[in-house]
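In: what follows is a predicted protein model with its sequence.
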Protein chains: 2
Amino acid sequence: MRLAELSRRSGVSTATIKYYLREGLLPPGRRHNATTAEYDEEHLRRLRLVRAMIQVGQVPVAKVREVLGHVDDDSLGRTIRLGAALWALPQVPEPDADDEHVRAAHEEVTALLDRLGWENAKRLTTISPAYRSLVVAVAAFRRLGYRWGAEQLAPYAELMHRTAVLDLDNMETHPSEAEGIEFAVLGAILNEPALQALHRLAQEEETARRYGFE
Amino acid sequence: MRLAELSRRSGVSTATIKYYLREGLLPPGRRHNATTAEYDEEHLRRLRLVRAMIQVGQVPVAKVREVLGHVDDDSLGRTIRLGAALWALPQVPEPDADDEHVRAAHEEVTALLDRLGWENAKRLTTISPAYRSLVVAVAAFRRLGYRWGAEQLAPYAELMHRTAVLDLDNMETHPSEAEGIEFAVLGAILNEPALQALHRLAQEEETARRYGFE
């Protein structure tokens, strides 16, 4: 397809597509001559991913380039390739290691991983932004004086593990590994807000079931 | 306790506590004389909640006042009181009703609620920000050309319902209704990031279980 059709099918203006091409976020089309190039379904898919990252996820252009570099790097194993793509997305900053609540939170999260038998996640604690985010969230609860640790988190963790199983089952319905990884990145940007919304809707439903509307 | 002790126990500076008092985010202490007042455990609890909303949730002061108004309004039934408190937190803007993907998303989310038998959530669709957020997220997927609707969301919704059951069970461990509602607001601010982090950790664990580290 020509640039105009790529624009029509993606809903992205030709000026923006040209910008993405210049920034290397989209591979060049196959050149016919000096002014026209041909694009295919892979360009369309990649364009949608770039669009979702920039517009919905508000990921800066340099980060988008980094994420795409990992998505495309088939020299890595799938776990690392997927991890590297997701880890390049915006993350919470490193918590203050000298803070007593942060130290307690590290202990609680480690105890949680032991209790769950998440041996693989334990191997990744020094590099995983997800581990860091969890420590930050648990430390915030504890700073407010709430007991919130392995015991309270374990039933939530079991439900989130089932959620992750659904995610990977969905990912595996995609024919190629690269497409599956693209879908996982989209999931982190689009499906996480959907899950949060579903969770709040479910809270409303369950609250009304327990206490009615009066 | 005096102001100095309230500051020490909460970790919030006396200057900030005075500011919260002036803004009406914290009820005044019991006056001894012109310069000293006495605060109790309820002040401490309320101060921690205000702190979490402003510092962790980045909720503007006017919104904090609005949320607290709902938390304290015992003329409302519990479902509405809880809803009003949570709905005053920052939300996504109203989606464009003329957009074809938004219309399709409304249909899919309605079909989802029918399928799940969430009759209470259905009654709240015109006013619930959670419903609106879900429509926005589903529309974003569809705009990118992904089939994402009732069928794909149903298994996630079942897991989020179980998550909501845990939330309300935790809320019910708090002695008074006001404390339970405060805890639910804190959960929306602190536990949602924790759940997102647990979800990503679970994805890492499950990815490594399926594909190893090579």
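Out: In hand now; what should we look at?
In: can you tell me the centre-most residue of chain A?
Out: Central residue of chain A (CA atoms, centre = their mean): A:Ala188, 2.6 Å from the mean position.
In: now do the SS call for that one.
Out: What DSSP: H, G, I helix; E, B strand; the rest coil gives for A:Ala188 is helix.
In: quick one, what contacts it?
Out: A:57, A:86, A:89, B:200 (CB atoms under 8 Å, 6 or more residues apart in numbering or on different chains). Yep, even glycine has a C-beta here, placed from its N, CA and C like the rest.
In: which strands and helices lie in contact with the lengthiest helix in chain A?
Out: The longest helix of chain A (DSSP state H) is helix A:150-172. If contacts are counted by 3 or more CB pairs under 8 Å, 6 or more residues apart in numbering or on different chains; DSSP states H and E, helix A:150-172 sits against helix A:100-116, helix A:177-186, helix B:150-172, helix B:192-211.
In: mind showing which ranges of chain A have poor pLDDT?
Out: Low-confidence segments of chain A (pLDDT under 70): A:214.
In: domains of it?
Out: A:3-77, A:100-211 (automatic domain parsing).
In: straight-line length of the first one, end to end?
Out: So the one you mean is domain A:3-77. Distance between the two ends of domain A:3-77: 34 Å, counting by CA to CA, to the nearest Å.
In: that one and chain B in contact?
Out: Yes. Interface with chain B: domain A:3-77 contributes A:11, A:44, A:48-49, A:51-52, A:56, A:77 (CB under 8 Å from any CB of the partner chain).
In: buried among these? Need that as a selection in ChimeraX.
Out: The ChimeraX selection below is limited to those of the residues of domain A:3-77 next to chain B classed as buried (16 or more other CB atoms under 10 Å in any protein chain shown):
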select /A:44,48,49,51,52,56
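In: any idea which of the helices and strands packed on helix A:150-172 is most buried?
Out: Ranked by mean neighbour count, the helices and strands packed on helix A:150-172 are led by helix B:192-211 with a mean of 23 (mean count of other CB atoms under 10 Å in any protein chain shown).
In: just checking, what packs against that one?
Out: helix A:78-87, helix A:119-123, helix A:129-143, helix A:150-172, helix A:192-211.
In: and the longest one with helix A:129-143, angle?
Out: With axes from the mean of the first three to the mean of the last three CA atoms, to 10 degrees defining the directions, helix A:150-172 sits at 150 degrees from helix A:129-143.
In: centre of the chain to stretch A:53-70, how far?
Out: Relative to its parent chain, stretch A:53-70 has a centroid offset of 11 Å by CA atoms, centre = their mean, to the nearest Å.
In: what residues of that stretch count as buried?
Out: A:53-54, A:56-57, A:59, A:63-64, A:66-68, A:70.
In: closest one of these to chain B?
Out: Using CB to the nearest CB, the shortest approach to chain B within those belongs to A:Val56, at 5.3 Å.
In: shouldn't the closest one be in contact with B:Ala140?
Out: Yes. If you go by CB atoms under 8 Å, A:Val56 and B:Ala140 touch, sitting 5.3 Å apart.
In: give me the common contacts of these two.
Out: In contact with both A:Val56 and B:Ala140: A:Leu190, using CB under 8 Å, 6+ apart.
In: for the buried residues of stretch A:53-70, give me CSV that also has secondary structure and distance to B:Leu21.
Out: Output for the buried residues of stretch A:53-70, formatted as CSV (DSSP: H, G, I helix; E, B strand; the rest coil; distance: CB to CB, whole Å):
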residue, secondary structure, distance to B:Leu21
A:Met53, helix, 44
A:Ile54, helix, 43
A:Val56, helix, 40
A:Gly57, coil, 39
A:Val59, coil, 41
A:Lys63, helix, 42
A:Val64, helix, 46
A:Glu66, helix, 47
A:Val67, helix, 46
A:Leu68, helix, 51
A:His70, helix, 50
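In: make CSV from the residues you listed and add distance to B:Leu25 to it.
Out: Shown next, in CSV, are these (distance: CB to CB, whole Å):
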residue, distance to B:Leu25
A:Met53, 37
A:Ile54, 37
A:Val56, 33
A:Gly57, 33
A:Val59, 35
A:Lys63, 36
A:Val64, 40
A:Glu66, 41
A:Val67, 40
A:Leu68, 45
A:His70, 44
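In: what's the farthest-apart pair in the residues you listed?
Out: The largest separation in these, counting by CB to CB, is between A:Val56 and A:His70 at 19.2 Å.
In: dump the residue contacts of the closest residue to A:Ser128 other than its chain neighbours.
Out: Distances taken as CB to CB, 6 or more residues apart in numbering or on different chains place B:Glu204 nearest to A:Ser128, at 6.1 Å, with adjacent residues excluded. B:Glu204 is in contact with A:79, A:83, A:120-121, A:124, A:128, A:130, counting by CB under 8 Å, 6+ apart.
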